[in-house]
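Colleague: The following comprises the amino acid sequence and a computationally predicted model.
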Amino acid sequence: MAGQHHSDPAQPITIILDGPNYLRWSSAMTSFLKGRKLWRIVTGDKPAPVKRPDETDDSFADRLEDWDSANHRILTWFTNTSVPSVNMHFSRFDLAKEAWDFLASRYTSADLDHQYQLVSTLNRLRQESGQSIDEFHSQMSY
């Protein structure tokens, strides 16, 4: 990936995925990856390159190495921004897309248990003393 920074942070976002905060984590990670022009690797829109008929072996090897480096950088970021009980599953994935899809299927839910959890959380929310209306609204909106 020409133009990529070699000073990429080990932990690019401050939110640590622990499961229940998946939507907040995935939103922050998506934004970070889009800012680094790496999001299409996660979606699968930019798969590993294949050798072109007119391409030299060295040229193809360089392109593949660049793509693989970016893919594994993303996997490392997923690992470094999640708790051990979440990231212990990542070792079975070679592709960032596979890890992303696993997380989405595991933590995105529309079932009744999840709805109950959301309603219970909303019912417990109270504006704290000294908390501004904007802060409380942001907390409630999330």
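Modeller: Done, it's in. Quantities reported herein were computed from a predicted structural model and do not represent experimental measurements.

Colleague: show me where this structure has strands.
Modeller: Per DSSP state E, the chain has no strands. Nothing in it meets that criterion.

Colleague: so where's it uncertain?
Modeller: The model of the chain has pLDDT under 70 over residues 1-7, 109-118, 140-142.

Colleague: Show me what the lengthiest helix in the chain is in contact with.
Modeller: Longest helix in the chain, counting residues (DSSP state H): helix 57-80. With C-beta atoms under 8 Å, 6 or more residues apart in numbering as the test, helix 57-80 has contacts from 1-2, 4, 8, 10-13, 29, 32-33, 38, 41-42, 46, 48-49, 51-52, 87, 90, 93, 95-96, 99-100, 103. C-betas here are computed from N, CA, C, even on glycine.

Colleague: Next, report how far that helix is displaced from the centre of its chain.
Modeller: 16 Å (C-alpha atoms, centre = their mean, to the nearest Å).

Colleague: quick thing: my sequence starts at 51, can you match it?
Modeller: Renumbered: residue one is now 51, and that last one reads helix 107-130.
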